[in-house]
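Novice: sequence and computational prediction follow.
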Amino acid sequence: MLIFAATMIRACDIRKSFDGLTVLRGISLEIRRAEVLAITGPSGAGKTTLLQILGSLDRPDSGKVIYESDADGGNATDLFSLNDTGLARFRNRNIGFVFQFHQLLPEFTMLENVAMPALIAGTGRAEAFARAKELIDYLGLGARASHRPMELSGGERQRAAVARALVNRPTVVLADEPSGSLDSANRAELHKLFFDLRRDLGHTFVIVTHDETLARQTDRMVCMADGLITGIIDNRPSRAAKS
């Protein structure tokens, strides 16, 4: 059983409203290094808004999100003390995103799509493509690297999206309903991939999901309703009891 020795992300009293509607009502949460954590709850609970704030895609009305270290092992970073340029730079270097739909660009090959975040970050072309190829091979997609998205299956597209999220070696991967558009076989394969990546590469995963099977497989489940955390369930003791 994994023992988490350090905090990766610290969210402190996060509040957010849209057009007078309160979506997050004071969320405080610690996410541990190399943890696979699920955020669950009914539609409208605030799950995606919280994930977007954790990933710096949106700013809270109040509260803090602190990354205790970055991809280079640097000191703690208070995300929203950064200006927009600094925030974009931190996000590109430290956070990978996987969404329900793959969002691969149709005019580019899988290899080009996976390499793109590294190119945007200023990585040299040869290094970016070598890293992309390494990830594609790791995911068992080497024979499909030159194919465009329309030539790939749904499962292949989503695995390519995972590779794209990992190409800059982020410390954290945030996923929003990543298996929601997949059939049961591809869904199970994608879920297994998250845990394999954590084991092999040490990533921290935060996954918003309605999939109860996936949520129960994670290390902890954060349950939300009406913009609040209503409970946190540690799944590791129950898994240990079954083994």
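Specialist: Thanks, I have it. Numbers count the residues shown, from 1 in each chain.
Novice: could you use CA atoms for every contact and neighbour count after this?
Specialist: Fine.
Novice: what stretches of the protein score poorly on pLDDT?
Specialist: For the chain, the stretches flagged by pLDDT under 70 are 1-5, 69-74, 101-102, 180-181, 238-243.
Novice: all helices of it, in order?
Specialist: Ranges of helices in the chain, per DSSP state H, are 47-54, 84-94, 110-120, 125-138, 154-166, 184-201, 212-217, 236-242.
Novice: what number of residues lie near the closest residue to residue 52 other than its chain neighbours?
Specialist: Leaving aside its sequence neighbours, residue 52 sits nearest to residue 58 (C-alpha to C-alpha, 6 or more residues apart in numbering; 5.6 Å). Per other C-alpha atoms under 10 Å, the neighbour tally for residue 58 reads 14.
Novice: from residue 99, how far off is residue 212?
Specialist: As defined by C-alpha to C-alpha, to the nearest Å, residue 212 lies at a distance of 18 Å from residue 99.
Novice: more neighbours: which of these two?
Specialist: Neighbour totals were compared for residue 212 and residue 99, and residue 99 leads with 20 against 11 (other C-alpha under 10 Å).
Novice: about what we covered before: in CSV: the helices of the chain, plus distance to residue 38.
Specialist: Shown next, in CSV, are the helices of the chain (distance: least, C-alpha to C-alpha, whole Å):
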stretch, distance to residue 38
helix 47-54, 10
helix 84-94, 19
helix 110-120, 25
helix 125-138, 24
helix 154-166, 17
helix 184-201, 12
helix 212-217, 5
helix 236-242, 13
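Novice: what does the residue nearest to residue 52 show for phi and psi?
Specialist: phi -140, psi 150 (degrees, to the nearest 10).
Novice: fine by me, thanks again.
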